[in-house]
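> Build the 3D model from these lines:
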Amino acid sequence: MGNDMRRFKLIRTEDVSGLSGTGYVAEGCLFRSGKCVLSWNSDHPSLNVYDSLDDILFLHGHAGRTTVEFIDDENHDE
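Numbers count the residues shown, from 1 in each chain. Below you'll find the predicted structure:
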């Protein structure tokens, strides 16, 4: 696990539920603890907290149709 929190985008190639659409559907932050916060880009946005990135992909990954794209370089220094 890295020393810094990392921002990410949730990118969906196919929306099997028909609810969240495709493309850049959510943004989030992975904290040093492993916990994540996810904010949905939708007409009815919500903010959710998860124990791990794996939990997000299990619940919202649409069987591999959703990927995580990190915004921050893993080894960046400020």
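
> could you give the mean pLDDT of the helix or strand containing Leu57?
Assigned by DSSP states H and E, Leu57 falls within helix 53-60. The average pLDDT within helix 53-60 is 92.

> Touching that helix from outside, list them.
Helix 53-60 is contacted by residues Phe8, Leu10, Ser20, Ala26, Gly28, Leu30, Gly34, Cys36, Leu38, Tyr50, Thr66, Val68 when judged by CB atoms under 8 Å, 6 or more residues apart in numbering. Using the backbone N, CA and C atoms, a C-beta is placed for each residue, glycine as well.

> Greatest separation within those: which pair is it?
Spanning the widest gap among those are Ser20 and Gly34, at 23.9 Å by CB to CB.

> The two: who's more crowded?
Using other CB atoms under 10 Å, the more surrounded residue of Ser20 and Gly34 is Ser20, with 18 against 13.

> what separates the helix holding Leu57 from the chain centre, distance-wise?
Relative to the mean C-alpha coordinate of its chain, helix 53-60 is positioned 8 Å out (CA atoms, centre = their mean, to the nearest Å).

> Lovely, talk soon.
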